[in-house]
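*Asks:* Any chance you could fold what I've pasted below:
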Amino acid sequence: MGTHHGKNGVVKVGANTVAEVQSFSITKNVDLAEDTAMGDAWKSFLPGVKGATGSIECSWDETDTNGQEALVEGAEVTLNLYPEGAGSGAKYLTLAAIITEVVSNVQRGAVVTRNFNFTANGAVSDATV
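*Replies:* Numbers count the residues shown, from 1 in each chain. All right, here's what the predicted structure looks like:
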């Protein structure tokens, strides 16, 4: 099957599953160095160093001591992001990450949420369960 439903997604801090995840995203990028010379009609670039940033959105669960409560600003953690679930044969991304921001969102009439923003500290690797 080539496509997957988001309901099966899983986030883990190391081996610990993060509770109440609503969504996650990761953006891989590369720095560019411009190498355009005088007289060139168009800009040109060379690819440089790769990086990644992302976020995890959860319904807040303060009892999730090894998941949500481990994701504090400044924490250096191993994140495992499973877009298709964590069953045998599933593909996932694994990375060392630094938690850069924790945002709590409280609204009347809504579930309290927490967003955890992170930056990769090294390579993002593709893996299989």
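*Asks:* contacts and neighbour counts: CA atoms only from here.
*Replies:* OK.
*Asks:* in what helix or strand does the residue of the chain most remote from its centre lie?
*Replies:* Distance from the C-alpha centroid of the chain, by CA atoms, centre = their mean, peaks at Gly39 (41.7 Å). Under DSSP states H and E, no helix or strand contains Gly39.
*Asks:* Distance of it relative to Val30?
*Replies:* Applying CA to CA, to the nearest Å, the value for Gly39 to Val30 is 26 Å.
*Asks:* Please apply the same query to Phe24.
*Replies:* Applying CA to CA, the value for Phe24 to Val30 is 20 Å.
*Asks:* Give me the more crowded residue out of those two.
*Replies:* Just comparing Phe24 and Val30: by other CA atoms under 10 Å the higher neighbour count belongs to Phe24, 20 against 12.
*Asks:* partner residues bridging the more buried one?
*Replies:* Beta-bridge partners for Phe24, by DSSP bridges, are Ile56.
*Asks:* My guess is it contacts Thr53. True?
*Replies:* No: using CA atoms under 8 Å as the test, Phe24 is too far from Thr53 to be in contact (11.0 Å).
*Asks:* Got phi/psi on Gly87?
*Replies:* Main-chain torsions, Gly87, degrees, to the nearest 10: phi -80, psi 170.
*Asks:* sec struct for Ala86, please.
*Replies:* coil (DSSP: H, G, I helix; E, B strand; the rest coil).
*Asks:* Isn't it up against Ala127?
*Replies:* No: assessed by CA under 8 Å, Ala86 is found out of contact with Ala127, at 11.1 Å.
*Asks:* Now list whatever residues contact both of the two.
*Replies:* Both Ala86 and Ala127 are contacted by Tyr92, under the criterion CA atoms under 8 Å, 6 or more residues apart in numbering.
*Asks:* Looking at those two now, which is surrounded by more residues?
*Replies:* Ala86 (20 against 14).
*Asks:* Tell me how far the more buried one lies from Gly39.
*Replies:* To Gly39, Ala86 is 54 Å away according to CA to CA.
*Asks:* Please apply the same query to Lys50.
*Replies:* In terms of CA to CA, Lys50 sits 29 Å off from Gly39.
*Asks:* ditto for Ser55
*Replies:* Computed with CA to CA, the distance linking Ser55 and Gly39 is 42 Å.
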